[in-house]
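> the sequence and its predicted three-dimensional model are supplied below.
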Amino acid sequence: MPRGLRSRSAATPRDAAGTDFFREPSRATAGPRANTITTVQQSMAQFLQPATRERVPDTARVRTPPPLSAAVSVSATTMVTMSDLLQPHASQREADRRARVWLNNLDRQAAVGSRHHIVPRFLLTRFASSSGQLRVRSRTDGAITLRAVGDLAIRDFYTSVADDIGFDSSLESLLSVVEGGAANVLRHHLDLRAFAHPRAFTPEERATIDTFVAMQSVRGMRMRRLIEVVTDYSVKLLNQDQLSKSEAEDLVFVPHPNEHLSVIGALAERGGDVLGRRPMSLVFLDAPLLITGDEPVVTVHSDESPILGHSGDGLSGRGQLSPPEASARGFANADLIMLAVSPSAMMLYGSAAVHRMPHEMRLAGEVAASFAAEHNDRVVAASVDWVAANPAHHAFTSMVMPPPGAVIRVHDNGSAAAAAANATVAGRPIRRLRADDVALRSGGEPV
């Protein structure tokens, strides 16, 4: 078997690029507190097994290898409240206890076959009209449609394949808990303002929001497509002595969706830790100018240089990998991190070097318009499949919609693997969950 085909970590952004997406310069901080959600996901690590990959032709029907075993197995339960699950705890023992209770009372197949929103329904609803509709533009061709919020859901995007039960929808249940916690916090700060004075987020609310934003940044199609492209590049580079030029150009090495699901927890944990060390404000605009997309968490960096990877020596070593769009880069060195939560409101994380920001900021006139325009351009650049706005948004249908760019840029002195990666435009992931995945788990042949 070609080298690297059994390395489960080959597809993770950290291992493939050699760099942690969420690492910031070291600084003195208090020790981390135990997190129940993290513990829940870590408790399932014993079920992870290496994936067997195979060469697959880049044709209309792409063959893929048997999937990993249970990548993430977590779900909601009525025995543990949402707030208990989302909050960090002073001791690892307490986090472990709550995780066990949660896991022992889950229905791991409750949402199998369901349609899942990559961007939560509650968030999309905040941008929709009173009738629940959004104006949507395709990132592929710019086509404009009027669609219901439910139309943007995808079937089984977060369903994994487990050794013991087959299809497992536990991650969707976990995401529902995280989304529910964030929706409740935002409701208090955005919808109940007439009944209470504006106030800063409490530490408990910040923990909930930070978890939500971190998970949202890594749960979407861009991260899954990135893992696919990095896997294909890594395997081709490791096995270039075994692949002809035509094979390197015509074959695609595709990981199972479990590869993505297995890293969401670890990446979100690191992202949440970064967010927790940054100040955050609610920014209110005097007009409904903001849009959203399938990758709504965007960043602003003061420079445009690559921040991932390191220089390699061409064909004999790893190259440099970097996201082509600044808005798709990680949190580590971002000056600002933004998530629009309505057409006129945004959560804005400041630089880690800034220790305090006002809990609310208000922008009006040209300042608000300029701020919204920059944000919207970054949402368009980061999104993979669609962007959306309230149907009444005055400029959405006339916005410039540049074609999607490459999902990643690789610089390794010109290998064929790099050329293939750099020519891969951001788009929907190749691999989707299939009915025969459970049979493949037992060693069956892909069809």
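The structure has been received and is ready for your questions.
> quick check: which element contains the closest residue to residue 279 other than its chain neighbours?
Once flanking residues are discounted, residue 279 sits nearest to residue 357: 4.0 Å by CB to CB, 6 or more residues apart in numbering. Just so you know, the C-beta spots here come from the backbone N, C-alpha and C atoms, and that holds for glycine as well. Assigned by DSSP states H and E, residue 357 belongs to no helix or strand.
> for residue 427, same thing?
Counting by DSSP H and E, residue 427 is found in no helix or strand.
> okay, strands next: where are they in the stretch 151-300 of the chain?
153-155, 160-162, 166-168, 251-252, 280-285, 292-293, 297-300 (DSSP state E, counting those that start in this stretch).
> tell me the contacts of the closest residue to residue 118 other than its chain neighbours?
Leaving out its chain neighbours, the residue that sits closest to residue 118 by CB to CB, 6+ apart is residue 220, at 5.0 Å. By CB atoms under 8 Å, 6 or more residues apart in numbering, the contact list for residue 220 reads 118-119, 294-295, 384.
> could you dump those into CSV and include distance to residue 233 and neighbour count?
CSV is the format used below for those (distance: CB to CB, whole Å; neighbours: other CB atoms under 10 Å):
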residue, distance to residue 233, neighbour count
118, 24, 23
119, 28, 24
294, 23, 22
295, 21, 29
384, 18, 26
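> what is the nearest of those residues to residue 153?
Relative to residue 153, the closest of the contacts of residue 220 is residue 118; by CB to CB it sits at 8.1 Å.
> any idea how far residue 361 is from residue 239?
Distance of residue 239 to residue 361, given as CB to CB, to the nearest Å: 52 Å.
> swap that for residue 418, please
43 Å.
> so which of those two has more stuff around it?
The neighbour comparison of residue 418 against residue 361 (other CB atoms under 10 Å) goes to residue 418, with 24 against 14.
> the more buried one should be in a strand, yeah?
No: in this structure, residue 418 is helix, not part of a strand, as judged by DSSP: H, G, I helix; E, B strand; the rest coil.
> pretty sure it sits against residue 233.
Yes: contact criterion CB atoms under 8 Å: residue 418 and residue 233 qualify, at 6.8 Å.
> which neighbours do those two share?
The overlap between the contact sets of residue 418 and residue 233 (CB under 8 Å, 6+ apart) consists of residue 410.
> pLDDT weak spots in the stretch 101-250 of the chain?
Low-confidence segments of the stretch 101-250 of the chain (pLDDT under 70): 194.
> what segments of the stretch 151-300 of the chain are helices?
170-186, 203-218, 221-238, 245-250, 258-276 (DSSP state H, counting those that start in this stretch).
> now these as CSV including distance to residue 434 and mean neighbour count?
Conversion of the helices of the stretch 151-300 of the chain to CSV gives the following (distance: least, CB to CB, whole Å; neighbours: other CB atoms under 10 Å):
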stretch, distance to residue 434, mean neighbour count
helix 170-186, 18, 22
helix 203-218, 23, 23
helix 221-238, 15, 24
helix 245-250, 22, 14
helix 258-276, 12, 23
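> will you turn these into a markdown table that also has distance to residue 376?
Shown next, in a markdown table, are the helices of the stretch 151-300 of the chain (distance: least, CB to CB, whole Å):
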| stretch | distance to residue 376 |
| --- | --- |
| helix 170-186 | 20 |
| helix 203-218 | 18 |
| helix 221-238 | 17 |
| helix 245-250 | 37 |
| helix 258-276 | 22 |
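> of all the ones you listed, which lies closest to residue 339?
Per CB to CB, nearest to residue 339 of the helices of the stretch 151-300 of the chain: helix 203-218, 5.6 Å.
> re earlier: do you know which of the strands of the stretch 151-300 of the chain lies nearest residue 209?
strand 280-285 (7.5 Å).
> how about the closest one as CSV, C-alpha atoms only?
Extracted C-alpha coordinates of strand 280-285, given in CSV (Å, rounded to 0.1, in the frame of the first residue of the first chain):
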residue,chain,number,x,y,z
MET,A,280,-15.7,40.8,22.4
SER,A,281,-18.3,43.4,21.6
LEU,A,282,-21.8,43.5,20.0
VAL,A,283,-21.7,45.9,17.1
PHE,A,284,-25.0,47.5,16.0
LEU,A,285,-25.4,49.2,12.6
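> hmm, who's touching that strand?
Outside strand 280-285, the residues that reach it (CB under 8 Å, 6+ apart) are 189-190, 201, 206, 209, 344-350, 357-364, 368, 371-372.
> quick one: buried residues of that strand?
Using 16 or more other CB atoms under 10 Å as the test for burial, strand 280-285 gives 280-285.
> residue 143 versus residue 160, what's the distance?
As judged by CB to CB, residue 160 and residue 143 stand 32 Å apart.
> the more surrounded of these two?
Remark: of residue 160 and residue 143, residue 160 carries more neighbours, 29 against 11, as counted by other CB under 10 Å.
> you'd agree the more buried one is up against residue 261?
Yes: the criterion here is CB under 8 Å, and residue 160 meets it with residue 261 at 4.9 Å.
> quickly note the distance from the residue nearest to residue 279 to residue 342.
Look at residue 357 and residue 342: by CB to CB, they are 20 Å apart.
> ditto for residue 380
To residue 342, residue 380 is 18 Å away according to CB to CB.
> between those two, point out the one with more neighbours.
Ranked by neighbour count (other CB under 10 Å), residue 380 and residue 342 place residue 380 first, with 22 against 19.
> which SS class is the more buried one?
Secondary structure, three-state DSSP: residue 380 is helix.
> my guess is it contacts residue 386. True?
No: judged on CB under 8 Å, residue 380 makes no contact with residue 386 at a distance of 10.3 Å.
> overlap in contacts, these two.
Both residue 380 and residue 386 are contacted by 139, 293, under the criterion CB under 8 Å, 6+ apart.
> now residue 236: closest residue in space that isn't a chain neighbour?
residue 417 is the one closest to residue 236 (CB to CB, 6+ apart), at 3.7 Å.
> quick one, what contacts that neighbour?
232-233, 236-237, 240, 248, 410.
> before we move on, back to that, adding distance to residue 398, write the strands of the stretch 151-300 of the chain out as TSV.
Formatted as TSV, those follow (distance: least, CB to CB, whole Å):
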stretch	distance to residue 398
strand 153-155	28
strand 160-162	41
strand 166-168	43
strand 251-252	37
strand 280-285	19
strand 292-293	17
strand 297-300	21
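> where does the stretch 251-400 of the chain dip in pLDDT?
Flagging of the stretch 251-400 of the chain using pLDDT under 70 yields the residue ranges 303-329.
> one more pass at 90, please.
Applying pLDDT under 90 to the stretch 251-400 of the chain flags the ranges 251-259, 261-263, 265-266, 269, 300-335, 351-357, 400.
> need the buried ones from the contacts of strand 280-285 selected in PyMOL.
To isolate the buried ones among the contacts of strand 280-285 in PyMOL, judged by 16+ other CB under 10 Å, type:
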select buried, resi 189+201+206+209+344+345+346+347+348+349+350+357+363+368+371+372
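> buried sites along the helix or strand harbouring residue 94?
Using DSSP H and E, residue 94 sits in helix 92-104. Using 16+ other CB under 10 Å as the test for burial, helix 92-104 gives 94-96, 98-99, 101-103.
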